[in-house]
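Q: Sharing a model that was predicted from the sequence below.
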Amino acid sequence: MTQDLDHVVARFAAPPVTEAGGGALDLMREIMTEERPRPARRVLRWRIAAPTGALLTALVLTVTWLMPTSTASALDIKQQDGYYVIQIKDLYADPESYETQLRSVGLDVSLTVVPATAAFERMVFPSSPNHEHITEIKGIDPPGPCDKLGGCAIGVKIPVGFKGAAQINVGRKARPGERYLAFTRWDAKGEPMYCVAYRNKTVAEVREMLRERGIGIEEFTVTTRGTRGGDYEVRDSVPDSWFVSGGSLLASDVASAQVGPEPLDQEFVDDNEKATDCPAS
Amino acid sequence: MGPPEPEQRFEEIYMAHYPAVATYVRRRAGSPDDIADAIAETFTTAWRRLNDIPQGDEARLWLYGVARRVLANHFRAEERRTALASRLREEVRTWPEPVRDHGQAHEAFMRLPDADRELLGLVAWEGLSGQEIAKVLGCSRGAARIRLHRARKRLARELAALDPDLTGYGSRAVSLAEGRS
């Protein structure tokens, strides 16, 4: 009987996993903090470049001097339905002035506004001191559809009585030429390559696609082994015949492209293309 | 930010199917790190493609299909380590060790092509029907049935090669090995 063979095979089975343990629950939460669709490893999530603090302070000083009345209250904080509802009146205010106001209502919360790529403009990203996403703090989205991966928040809400420490990063539109401190894949919702079938096209082809959108490639990230992740190195140039697997915008007209000498596994490409909610791609 | 709907759906799918997916992966991947990575990647894909996941128990078959592709890719890029799942890796190490030594029958099984092992595993380990297998593999029912038949036949032959006395594996194995079926 067929069952005899199946029984032979059945004996090799490792014992079943019967429940989702703490590690599994952690994983679930980790996954949900990632943007959908998920970008590749190098640009996994909201990234803030290291010199944020100093750079922002410098920027902010210049700007706030030009806005004499705004320093009085950079934030508008109201209490509503069990939340502090916070609106950023001055996106360029000194982070300390945000913090002073937040502390005045008993919140141990810092707020940083950073120049962000299009998909992350108006994104609200709260995290704990050990860099975990905090779900109790949320952006306030206006009604209606939102065409950005990071959401279209017009404010932030924090539960009254929130006890933890938190860092909230908020994305703002970058000035022309300004480098992004928060960026993601160039094909995320809201980005210029969203719903563009570029994977496994050559460097020459993708360079042209980007050029049509006013973007130049500044650097190439070469993944050395495997289809995703692994080690990578950054180069100024690569052969035009190589294949493009992804990329990010570093400023509105500057891109970094992920490339390799071999094309990606086609099944992986198909999966990724299906993953977007593009009109029949 | 926004309505909690995708999160809610994902959480439901995750809680309902995590054990099945984790079991599927642990039966096919090697090290605890590989297992944790493959689970992480399978569910990350699920999160990304939430709108594609069918309702009800078909979600499980869909997830098996994703896990199958993740594992296939995974073994091609062994150096890859996801940034996720650090705690899960530790947890996987605490899972009871499977019994490794299954003797000659296991040896015969391991000699089969990956695709055959996958089919036989889906039947014997996941308990799937031909129709369900077709969904996991993305092929027709007929194709699944034929492939399964061939896989069983090859297993019977491998068993016969290692142990000419197949009576322990049943009359079907004997007839398959001899090419009568």
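A: Good, I have the coordinates.

Q: tally of neighbours for the residue of the stretch 1-150 of chain A found nearest chain B?
A: When scored by CB to the nearest CB, the stretch 1-150 of chain A has residue A:4 as its residue closest to chain B, at 2.8 Å. All C-beta atoms are positioned from the backbone trio N, CA, C, and that covers glycine. By the measure other CB atoms under 10 Å in any protein chain shown, the count of residues near residue A:4 is 17.

Q: Over to residue B:12?
A: Count around residue B:12 with other CB under 10 Å applied: 11.

Q: before we move on, what about residue B:73?
A: Neighbour tally, residue B:73, other CB under 10 Å: 20.

Q: Which strand or helix spans it?
A: helix B:58-74 (DSSP states H and E).

Q: how about that helix: buried residues?
A: B:59-64, B:66-74 (16 or more other CB atoms under 10 Å in any protein chain shown).

Q: Stretch A:123-140 too?
A: A:123-127, A:133-134, A:137-140.

Q: Then stretch B:17-25?
A: B:17-18, B:20-25.

Q: Can you tell me which of those residues end up in helices?
A: In helices, defined here by DSSP state H, the members of the buried residues of stretch B:17-25 are B:17-18, B:20-25.

Q: coming back round to it: of the buried residues of helix B:58-74, just say which sits nearest to residue A:238.
A: residue B:73 (23.2 Å; CB to CB).

Q: And the ones in helices among the buried residues of stretch B:17-25, which is closest to residue B:117?
A: residue B:24 (12.9 Å).

Q: where does the closest one land on pLDDT?
A: Here the pLDDT value assigned to residue B:24 is 95.

Q: now swap in residue A:9 and tell me
A: Reading off the per-residue confidence, residue A:9 sits at a pLDDT of 86.

Q: For it, give me its contacts.
A: B:109, B:120-121, B:123-125, B:155 (CB atoms under 8 Å, 6 or more residues apart in numbering or on different chains).

Q: Confirm it sits in a strand?
A: No: the assignment for residue A:9 (DSSP: H, G, I helix; E, B strand; the rest coil) gives helix, which keeps it out of a strand.

Q: quick one: it and residue B:156, what's the gap?
A: Per CB to CB, to the nearest Å, residue A:9 is found 11 Å from residue B:156.

Q: cool, and residue A:167?
A: In terms of CB to CB, residue A:167 sits 62 Å off from residue B:156.

Q: Among those two, which residue is more densely surrounded?
A: Neighbour totals were compared for residue A:167 and residue B:156, and residue B:156 leads with 26 against 17 (other CB under 10 Å).

Q: Between all of the buried residues of stretch A:123-140, which two are separated the most?
A: A:127 and A:140 (18.0 Å).

Q: Surely residue A:222 and residue A:235 touch.
A: Yes: under the criterion of CB atoms under 8 Å, residue A:222 lies in contact with residue A:235, with a separation of 5.8 Å.

Q: Show me where the stretch 51-200 of chain A has its strands.
A: A:75-80, A:83-88, A:108-116, A:124-127, A:138-140, A:155-159, A:165-173 (DSSP state E, counting those that start in this stretch).

Q: mind listing what the residue nearest to residue A:170 when sequence neighbours are not counted touches?
A: Here the nearest residue to residue A:170 in space, its sequence neighbours aside, is residue A:113; by CB to CB, 6 or more residues apart in numbering or on different chains that works out to 4.9 Å. Contacts for residue A:113 (CB under 8 Å, 6+ apart) come out as A:56, A:88, A:91-93, A:95, A:169-172.

Q: Give the burial count for residue 7, as a bare number.
A: Going with chain A. Residue A:7 is flanked by 14 other residues according to other CB under 10 Å.

Q: I was thinking of chain B, sorry if that wasn't clear
A: 16.

Q: List the contacts of it.
A: residue A:32.

Q: and it, what helix or strand is that in?
A: Applying DSSP H and E as the criterion places residue B:7 in helix B:5-26.

Q: again, but for residue B:136
A: helix B:130-137.

Q: as a whole number, average confidence for that helix?
A: Here the average pLDDT along helix B:130-137 is 89.

Q: tell me the angle the following helix or strand past it makes with helix B:130-137.
A: The first helix or strand that comes after helix B:130-137 along the chain, using DSSP H and E, is helix B:141-162. Calculated by axes from the mean of the first three to the mean of the last three CA atoms, to 10 degrees, helix B:141-162 forms an angle of 90 degrees with helix B:130-137.

Q: list the buried ones in helix B:141-162?
A: B:144, B:147-148, B:151-160.

Q: do stretch A:159-168 as well
A: Residues A:162, A:166-168 are the ones in stretch A:159-168 that count as buried (16+ other CB under 10 Å).

Q: Check stretch A:199-213 too.
A: Those would be A:199-203, A:206-207, A:209-210, for stretch A:199-213 by 16+ other CB under 10 Å.

Q: does stretch B:146-158 come close to chain A?
A: Yes: interface with chain A: stretch B:146-158 contributes B:152, B:155-156 (CB under 8 Å from any CB of the partner chain).
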